[in-house]
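Student: need the 3D shape of this:
(one chain, ligands or ions: 1)
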Amino acid sequence: MTDQVIDVTDLRRVYGGGFEAVRGVSFGVGRGELFALLGTNGAGKTSTMELLEGLAAPAGGRVRVLGHDPYTERSAVRPRIGVMLQEGGFPAELTVAETVRMWAGCTSGARPVAKTLETVGLGKRAGVRVKQLSGGEKRRLDLAMALIGRPEVLFLDEPTTGLDAEGRRETWELVRDLRDNGTTVLLTTHYLEEAEELADRLAILHEGRIAAEGRVADVVAAQPSHVSFELPEGYFVGDLPPLAELGVSGHETSGRRVKLRTHELQRAATGLLLWARDAQVELGALDVRAASLEEAFLRIARPGTNTDGAGSTRGGRPAEKELTV
Ligand SMILES: Nc1ncnc2c1ncn2[C@@H]1O[C@H](COP(=O)(O)OP(=O)(O)OP(=O)(O)O)[C@@H](O)[C@H]1O
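Tutor: The predicted structure is shown next:
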């Protein structure tokens with residue numbers, strides 16, 4: 001059984017004024033696991049992360065990091081964790097090397113400063129003042145500071161925001177290496193690709209609650225796949241084989257365009273194509289699309305709206321009503 005390094009039960013956070021930003025969040029992260037928290041702006045990711053980092057006391061629930069309460073037992077937890085906040089806020093006049101050296105001086109067993117700067121891609125910027133760094137370089141400095149104490153648990157709040165594509169890939173490699181060497185990582189991100197690349201498991205937060213949680217593949221598998229196409233003039237959805245027999249769970253149309261939803265993509269696509277061949281029907285703009293994390297995210301982030309565009313009227317013709325079969 002994995003050693004549970006982060007253990008969160010029914011966590012709540014209430015800000016002054018009574019706003020409840022975290023509303024009963026529970027999850028666990030095992031040693032050496034990388035867990036990603038996703039969610040729209042304001043979903044509660046940073047508010048949750050700060051409770052785990054011991055920066056605030058929860059209004060309710062329970063947090064354990066490395067077996068301790070990170071707020072009341074801060075001295076037991078702080079030396080063993082690395083924290084990369086959304087904004088570092090370092091003294092502007094110090095150089096990069098001075099900044100990291102200063103922090104290393106307060107940390108027992110710190111990594112060598114020069115090596116750490118190399119690791120995060122700031123080796124050539126060691127003598128530059130913090131105020132002269134670009135946004136992406138500041139993010140790399142934040143990461144260096146989080147790594148300097150060789151943390152067992154690393155908290156990364158949007159670590160690649162502001163980085164260019166290459167910088168992002170480099171950070172991913174570094175984070176993956178750390179994880180592979182046993183570091184437990186909790187990461188928040190707005191980049192779904194980042195979560196897909198890195199996360200062993202993830203949770204999608206929405207309005208302070210976990211709306212979906214699991215391995216990326218499981219969260220995606222809960223979403224339907226789609227087959228969309230255009231029927232030729234004179235053909236209607238009713239001309240297709242019974243949709244339930246194709247494993248289709250719902251559909252919508254807009255003009256001649258038809259979109260089928262299914263959890264059995266191969267069955268639906270095969271049935272449709274065999275029908276088209278036998279009926280000698282040419283399906284226009286055929287698109288077969290497996291479910292994606294983006295779709296899962298959008299469905300959660302925009303409840304009430306259908307990412308399929310169900311019920312819309314495009315092309316000047318009224319849409320058929322959505323039919324769930
Ligand atoms: N100090 C505060 N006082 C009052 N409300 C706050 C405070 N900090 C955050 N909030 C509110 O709590 C909610 C959650 O904010 P939080 O920063 O945790 O979201 P987030 O998911 O990290 O968002 P983002 O992706 O924009 O960083 C938001 O509605 C935010 O306005």
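Student: all helices for this protein, in order.
Tutor: Using DSSP state H, the helices of the chain run over 45-52, 74-77, 96-105, 113-119, 135-147, 165-180, 192-198, 216-221, 265-279, 293-301.
Student: these into a markdown table, with extra columns for mean neighbour count?
Tutor: Quick note: C-beta positions are derived from backbone N, CA and C, even for glycine. Output for the helices of the chain, formatted as a markdown table (neighbours: other Cβ atoms under 10 Å):
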| stretch | mean neighbour count |
| --- | --- |
| helix 45-52 | 23 |
| helix 74-77 | 15 |
| helix 96-105 | 19 |
| helix 113-119 | 17 |
| helix 135-147 | 22 |
| helix 165-180 | 16 |
| helix 192-198 | 19 |
| helix 216-221 | 16 |
| helix 265-279 | 16 |
| helix 293-301 | 20 |
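Student: tell me which of these sits nearest to Tyr15.
Tutor: If you check each of the helices of the chain against Tyr15 by Cβ to Cβ, helix 45-52 wins as the nearest, at 8.1 Å.
Student: rank the helices of the chain by pLDDT, which is bottom?
Tutor: Comparing mean pLDDT over the helices of the chain, the weakest stretch is helix 293-301, at a mean of 85.
Student: what does it contact?
Tutor: With Cβ atoms under 8 Å, 6 or more residues apart in numbering as the contact definition, helix 293-301 has outside contacts at 38-40, 43, 192, 195-196, 204, 206, 211-212, 216, 219-220, 222-223, 307.
Student: before we move on, the earlier item: can you put the helices of the chain in TSV and add distance to the ligand?
Tutor: What follows is the helices of the chain, written out as TSV (distance: least, Cβ to the nearest ligand atom, whole Å):
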stretch	distance to the ligand
helix 45-52	3
helix 74-77	20
helix 96-105	24
helix 113-119	26
helix 135-147	14
helix 165-180	17
helix 192-198	13
helix 216-221	18
helix 265-279	32
helix 293-301	11
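Student: export those to a markdown table and tack on distance to Gly89?
Tutor: Shown next, in a markdown table, are the helices of the chain (distance: least, Cβ to Cβ, whole Å):
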| stretch | distance to Gly89 |
| --- | --- |
| helix 45-52 | 15 |
| helix 74-77 | 20 |
| helix 96-105 | 11 |
| helix 113-119 | 19 |
| helix 135-147 | 9 |
| helix 165-180 | 20 |
| helix 192-198 | 23 |
| helix 216-221 | 33 |
| helix 265-279 | 48 |
| helix 293-301 | 29 |
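Student: okay, now the unreliable bits of the chain?
Tutor: Applying pLDDT under 70 to the chain flags the ranges 1-2, 303-325.
Student: list the contacts for the closest residue to His226 other than its chain neighbours?
Tutor: The shortest distance from His226 to any non-neighbouring residue, by Cβ to Cβ, 6 or more residues apart in numbering, is to Arg289 (4.7 Å). Contact analysis of Arg289 by Cβ under 8 Å, 6+ apart lists 225-228.
Student: pull the number of nearby residues for the nearest residue to Thr48 once chain neighbours are set aside.
Tutor: Once its chain neighbours are removed from consideration, Thr48 has its nearest residue in Val22; the separation is 5.3 Å (Cβ to Cβ, 6+ apart). By the measure other Cβ atoms under 10 Å, the count of residues near Val22 is 26.
Student: sorry, back to before: may I ask which of the contacts of Arg289 has the most neighbours?
Tutor: Ranked by neighbour count under the definition other Cβ under 10 Å, the contacts of Arg289 are headed by Val227 with 23 neighbours.
Student: next up, the contacts around the residue lying closest to that one once chain neighbours are set aside.
Tutor: The shortest distance from Val227 to any residue that is not its chain neighbour, by Cβ to Cβ, 6+ apart, is 4.6 Å, and that residue is Leu260. Leu260 makes contact with 226-228, 243, 246, 248, 250-251, 268, 272 under the criterion Cβ under 8 Å, 6+ apart.
Student: what do you get for Glu245?
Tutor: Going by Cβ under 8 Å, 6+ apart, Glu245 touches Gly271.
Student: buried stuff in stretch 19-38?
Tutor: Of the residues in stretch 19-38, 20-23, 25, 27, 29-30, 32-38 count as buried by neighbour count, 16 or more other Cβ atoms under 10 Å.
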